[in-house]
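Novice: The following block contains a protein sequence and its predicted model.
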Amino acid sequence: MKKFVYQVDGFEFVDTVAFGEAWREAKMEATALHAPIYRLVIEDGKVREEVYVKAGCFLRSDLALVKNVMIF
């Protein structure tokens, strides 16, 4: 089972649904703090780090350009 950990400026929101309740909470917090949203996707003991970009999707953090990271 996948686990999604959304991270916003020191806050964490956890869910098993990609764009579920934790996503909504993270988005509200990011909007209030004017911050980006990072996400850890954990599955089968592997962890993938992602960041939400202006294109409207998550991209692996190591592939994202700073200028493309979405600041809410």
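Specialist: Received, thanks. Numbers count the residues shown, from 1 in each chain.
Novice: and Arg39, how far is that from Val17?
Specialist: As judged by CB to CB, to the nearest Å, Arg39 and Val17 stand 12 Å apart. Glycine gets a C-beta too; all of them are placed from N, C-alpha and C.
Novice: Touching both of those two, which residues are there?
Specialist: Contact criterion CB atoms under 8 Å, 6 or more residues apart in numbering; residues shared by Arg39 and Val17: Phe4.
Novice: ranges for the helices of this protein?
Specialist: For the chain, the helices defined by DSSP state H cover 21-33.
Novice: any chance you could map the strands in it?
Specialist: 3-8, 11-15, 38-43, 46-53, 57-60 (DSSP state E).
Novice: Which stretch among those strands is buried most, on average?
Specialist: Neighbour counts (mean count of other CB atoms under 10 Å) averaged over each of the strands of the chain peak at strand 3-8, with a mean of 20.
Novice: ok, residues contacting that one?
Specialist: By CB under 8 Å, 6+ apart, the residues outside strand 3-8 that reach it are 12-18, 20, 22-23, 25-26, 29-30, 33, 35-43.
Novice: same thing but 6 Å
Specialist: Strand 3-8 is contacted by residues 12-15, 18, 22, 26, 29-30, 35, 37-42 when judged by CB atoms under 6 Å, 6 or more residues apart in numbering.
Novice: Could you do stretch 60-72 as well?
Specialist: For stretch 60-72, the surrounding residues in contact (CB under 6 Å, 6+ apart) are 30-31, 36, 49-54.
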